[in-house]
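**Student:** Following is a predicted model, sequence given first.
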Amino acid sequence: MRVEISLVLGAAVLDYLIGDPWHWLHPVQVIGAWITWGHHWLYRWCGVGWPRRLAGVGLGLSTIAGTAIVSWGLLWLARQVHWALELAVAMVLLASCLAARSLRQAAEDVLEPLQQGDLGAARSRLSRYVGRDTAALSESEILRAVLETVAENTTDGVTGPLFFALLGLWTSPWTGVGAVPWAMAYKAASTLDSMVGYRREPYTDLGWFSAQLEDRLTWLPCRLTVGAIAILSGRPGRVWRLCCRDAPQDPSPNSGWSECAYAAALGVQLGGENLYQGQVKVKPLLGEAEVDITVVTVQQALRFLRWVCWLWLGVGVVIPGVVQVLQG
C-alpha cells in the first residue's frame, strides 16, 4: 500500500513538473491508433443498425479491457527486472493519464500573445485546442473559450483519472490490480468518447456505447470535483445552487456541471453562441456575470484546478497514509 501511495503522489508531481513532452510517444496515441483502426474496420464490415451497435460495444470493451491488461502486463514485466523499474514505469504511465500541466500550458500558450495585444496569434493558438471557429473571435470570446476549455477538461483530463487511480489504490488489497490499470482503463474510455462518441455518422451506432459509458464513469468524479470547487471557492452554497439551476440545461451530463462550477466560483458567465464550421451553436448560459472574464480570471481558474488536485491527493492519499503509518 505504501508503494502505491508513493506512486500516486509521484505521478501527480511528475505531471506537475514535466507534463507530456511533445516528442514522447503518449499512451493515448497508441489507444487512439487502435480505436481508429477498429472503427474503420468495423464500419466497413458491420451492417447498419443493431450489428453496428453491437460492434460498438465490442470496440469499447476491447479498448478499455485491452488497455488495462496491457498496462498491467507492462508493470509485470518491469517487476521481473526490478521493483524500482516497475515503480518508474507505473509512475510514468499514471502521470500520462493526468493532464493538469497540459491544460495549464494550453491556457498560458493562448494568454501570452493576448496579453501582448496580438489577437491574431491568440486566435491561431486557440485553434489548436478548441473545435470552434476562432478566426473572428474578440478578446472576450477568446478568454471565454480558454476558460471553458480548462473547466470542461478538468474532470475527464485530471480528476477523473485521479479518482480511478485512488479507487485502484484503495481496492488493491482485495483486487491486486493497483492504481495504474484503473486509471489507464478510464483514460481509454475517455479517449473512446472523444474519438467516436458522437451523434452523427459515421459514429452514431459505433460510438453510442462509448459515449454512454464515459458519461456514467465520469458522473461521480464530476460531482466530487464540483463539490471540491464549491468548498475552495468559499461560497459552497452559491456554487451548488447555480450548478443545480444551470448545469442540467447543458446537453452533456458532466461538462455542464464542471463549467458551471468554475463560472459560479469565479463570478462569471460561460456558454452562449459559438461558431463551428460556419454554423452557429448556442450553449446554455452557466452562472451569473458578476464580473467580466479577464486574464486574471483564467489564472484563478488554473489555481482552482491545482488546489482541487492537491485537495484530492490530501484526502485520498496523504491522510489515509499517515493513519496507516500511525497504526502500523
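**Tutor:** Yep, that arrived. Numbering: from 1, shown residues only.

**Student:** Name the helix or strand for the residue nearest to residue 4 when sequence neighbours are not counted, please.
**Tutor:** In space, residue 4 comes closest to residue 169 once its chain neighbours are excluded; the distance is 4.7 Å by CB to CB, 6 or more residues apart in numbering. Any C-beta I mention is one placed from the backbone N, CA and C, and that applies to glycine too. For residue 169, the element it lies in under DSSP states H and E is helix 160-175.

**Student:** Flag every buried residue along that helix.
**Tutor:** 160, 161, 162, 163, 164, 165, 166, 167, 168, 169, 170, 172 (16 or more other CB atoms under 10 Å).

**Student:** Next: stretch 130-142.
**Tutor:** By 16+ other CB under 10 Å, the buried positions in stretch 130-142 come out as 130, 132, 133, 134, 137, 141, 142.

**Student:** Which pair in these has the greatest spatial separation?
**Tutor:** The distance between the two most remote of the buried residues of stretch 130-142 (CB to CB) is 12.0 Å, for 133 and 142.

**Student:** what separates residue 190 from residue 140, distance-wise?
**Tutor:** Distance, residue 190 to residue 140, using CB to CB, to the nearest Å: 30 Å.

**Student:** Let me fix that, I meant to ask about residue 183.
**Tutor:** Taking CB to CB as the measure, residue 183 falls 36 Å from residue 140.

**Student:** got it, and residue 103?
**Tutor:** 21 Å.

**Student:** what does residue 9 give?
**Tutor:** From residue 9 over to residue 140 the distance is 39 Å, taken as CB to CB.

**Student:** that's a helix at residue 147, yeah?
**Tutor:** Yes - assessed by DSSP: H, G, I helix; E, B strand; the rest coil, residue 147 belongs to a helix.

**Student:** contacting residues for it?
**Tutor:** The contact partners of residue 147, by CB atoms under 8 Å, 6 or more residues apart in numbering, come to 262, 266, 268, 270, 293, 297, 298, 301.

**Student:** Now that the last one has come up, it's in contact with residue 152, right?
**Tutor:** Which is residue 301. No - Residue 301 is beyond contact range of residue 152, at 11.2 Å (criterion: CB atoms under 8 Å).

**Student:** So for these two, which sits in the more crowded spot?
**Tutor:** Higher neighbour count among residue 301 and residue 152: residue 301, with 26 against 20, using other CB atoms under 10 Å.

**Student:** In which helix or strand does the nearest residue to that one once chain neighbours are set aside reside?
**Tutor:** Leaving aside its chain neighbours, residue 301 sits nearest to residue 150 (5.1 Å; criterion: CB to CB, 6+ apart). Applying DSSP H and E as the criterion places residue 150 in helix 139-154.

**Student:** Return the distance of that helix from the chain's centre.
**Tutor:** Helix 139-154 has its C-alpha centroid displaced from the chain centroid by 15 Å (CA atoms, centre = their mean, to the nearest Å).

**Student:** Likewise for stretch 21-29?
**Tutor:** The answer for stretch 21-29 is 16 Å, by CA atoms, centre = their mean.
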